[in-house]
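Novice: Provided below are the primary sequence and the corresponding predicted coordinates.
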Amino acid sequence: MYRVSTTLNSPVPYLTRILIYPIKSLDGVAVTKATVLKSGALQHDREFAIVDEHGKFVNGKRNPKVHLLRTSFDIDASSDTINRVCLEVQGTKLGGVFHLERECAELEAWLSEYFGFKVKLLQNSLLGFPDDTDASGPTVISTATLETVASWFPELEKGAISPVEEMRRRIRANLEIGGVPQFWEDGLFAEVGIRVQFQVKDVQMMGVNPCQRCVVPTRDTFTGEVYPSFQKIFVSQRQETLPDGVNLSRFNHFFRLSVNTQIPESEAGKILQVGDEVEI
């Protein structure tokens with residue numbers, strides 16, 4: 001295992017933020033701890049998903065109206081369940097509060113009216129609905145990476161939130177690591193078929209591959225407005241700032257950021273908590 005010195009100026013890498021996304025493609029929730037499921041996913045992350053009549057996900061890739069939905073959740077700490085979701089359409093008074101178990105039909109009706117076509121809300125409390133089913137563990141990124149990438153896009157300064165928070169909302173990673181340099185997470189993957197082992201306190205994890213980004217990060221997370229030349233700028237800067245020793249074989253293109261992971265079944269039931277130390 002590799003640990004950074006515990007001197008004041010060189011802190012140990014640690015888990016500084018945990019974000020889960022109870023309804024796939026909608027707003028996330030910052031939590032102080034998260035339970036690892038048997039599948040390797042975090043409990044409640046992407047537990048629900050909105051689909052159309054053909055079973056296809058209704059997400060920001062296919063429907064820009066997703067970006068205008070603001071969500072918050074009522075999480076019962078005693079039973080570790082999500083009871084209610086509060087929905088609001090950005091910039092309007094439209095919205096509602098729905099109990100996810102008792103008022104699912106009403107929620108589906110509200111969402112169907114909003115999107116203009118019939119939708120259903122699916123639930124999978126064991127695996128969730130990950131983008132990468134071969135690496136369904138939490139995605140990992142460093143705070144320094146988000147700060148660096150945000151600096152590539154000066155116009156983010158005009159937003160109502162900080163550029164770093166806006167980039168955090170665009171990238172939608174689960175675990176954020178502090179006390180490390182930018183692109184530290186690029187050391188968490190190797191050649192195809194090789195898993196890089198690391199540990200968050202007593203939870204064993206494996207880095208698999210750099211996460212391929214879609215169109216979503218190019219858009220303002222509140223309005224859906226596209227940032228001019230976002231992908232072109234990102235790809236150019238990403239290629240120029242790749243850390244020494246990174247495995248280039250995993251970059252068929254450079255529109256990749258954060259790392260997809262797996263968590264062994266043996267870790268089921270363990271808890272990740274903000275402040276946990278990280279070791280490679």
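Specialist: Yes, it's here. Everything numeric here is computed off the predicted structure, so don't read it as measured data.

Novice: so who does residue 226 touch?
Specialist: By CB atoms under 8 Å, 6 or more residues apart in numbering, the contact list for residue 226 reads 218, 219, 220. Quick note: C-beta positions are derived from backbone N, CA and C, even for glycine.

Novice: of all these, which comes closest to residue 41?
Specialist: For the contacts of residue 226, the minimum distance to residue 41 (CB to CB) is 25.5 Å, reached by residue 219.

Novice: State the distance from residue 229 to residue 236.
Specialist: In this view, residue 229 and residue 236 are 10 Å apart by CB to CB, to the nearest Å.

Novice: Please read the previous query as pertaining to residue 54.
Specialist: 37 Å.

Novice: higher neighbour count, those two?
Specialist: residue 236 (13 against 5; other CB atoms under 10 Å).

Novice: And the pLDDT for the more buried one?
Specialist: At residue 236, the predicted lDDT confidence score is 98.

Novice: So it lies in a helix, does it not?
Specialist: Yes: with DSSP: H, G, I helix; E, B strand; the rest coil as the criterion, residue 236 is part of a helix.

Novice: residue boundaries of the helices in this protein?
Specialist: 104-115, 143-151, 163-171, 230-240 (DSSP state H).

Novice: The contacts of residue 226 in strands, which ones?
Specialist: The members of the contacts of residue 226 all map outside strands under DSSP state E.

Novice: could I get the residues you listed as a markdown table with neighbour count, distance to residue 245 and pLDDT?
Specialist: Listed next are the contacts of residue 226 as a markdown table, based on neighbours: other CB atoms under 10 Å; distance: CB to CB, whole Å; pLDDT from 0 to 100:
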| residue | neighbour count | distance to residue 245 | pLDDT |
| --- | --- | --- | --- |
| 218 | 19 | 29 | 96 |
| 219 | 18 | 33 | 95 |
| 220 | 16 | 35 | 93 |
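
Novice: how about a markdown table for those, with distance to residue 87 added?
Specialist: Shown next, in a markdown table, are these (distance: CB to CB, whole Å):
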| residue | distance to residue 87 |
| --- | --- |
| 218 | 24 |
| 219 | 19 |
| 220 | 19 |
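
Novice: so what's the closest residue to residue 19 other than its chain neighbours up against?
Specialist: Of all residues not flanking residue 19 in the chain, residue 28 sits nearest, at 4.4 Å (CB to CB, 6 or more residues apart in numbering). Counting by CB under 8 Å, 6+ apart, residue 28 makes contact with 19, 20, 21, 169, 172.

Novice: Surely the first one touches residue 30?
Specialist: It refers to residue 19. Yes: with contact defined as CB atoms under 8 Å, residue 19 reaches residue 30; the gap is 5.7 Å.

Novice: which of those two has more neighbours?
Specialist: residue 19 (22 against 11).

Novice: what sits against the more buried one?
Specialist: 28, 29, 30, 31, 168, 172, 173, 174, 176.

Novice: What separation do you get for the first one and residue 45?
Specialist: It stands for residue 28. On the measure of CB to CB, residue 28 and residue 45 end up 9 Å apart.

Novice: Equivalent analysis for the second one, please.
Specialist: Spatial separation of residue 29 from residue 45 under the definition CB to CB is 10 Å.

Novice: next one: residue 80
Specialist: 13 Å.

Novice: neighbour count winner among these two?
Specialist: Per other CB under 10 Å, whichever of residue 80 and residue 45 has more neighbours is residue 45, with 26 against 12.

Novice: My read is that the more buried one contacts residue 175, right?
Specialist: No: with contact defined as CB under 8 Å, residue 45 does not reach residue 175; the gap is 10.5 Å.

Novice: Give me the common contacts of these two.
Specialist: residue 138.

Novice: Is it correct that residue 218 is in contact with residue 233?
Specialist: No: look at residue 218 against residue 233 with CB under 8 Å: they stay out of range, at 9.9 Å.

Novice: in stretch 75-95, what counts as buried?
Specialist: 75, 82, 84, 85, 87, 88 (16 or more other CB atoms under 10 Å).

Novice: Same list, those, but as JSON lines with pLDDT and distance to residue 156 please.
Specialist: Below are the buried residues of stretch 75-95 laid out as JSON lines (pLDDT from 0 to 100; distance: CB to CB, whole Å):
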{"residue": "75", "pLDDT": "81", "distance to residue 156": "29"}
{"residue": "82", "pLDDT": "85", "distance to residue 156": "30"}
{"residue": "84", "pLDDT": "92", "distance to residue 156": "32"}
{"residue": "85", "pLDDT": "95", "distance to residue 156": "28"}
{"residue": "87", "pLDDT": "96", "distance to residue 156": "26"}
{"residue": "88", "pLDDT": "96", "distance to residue 156": "23"}
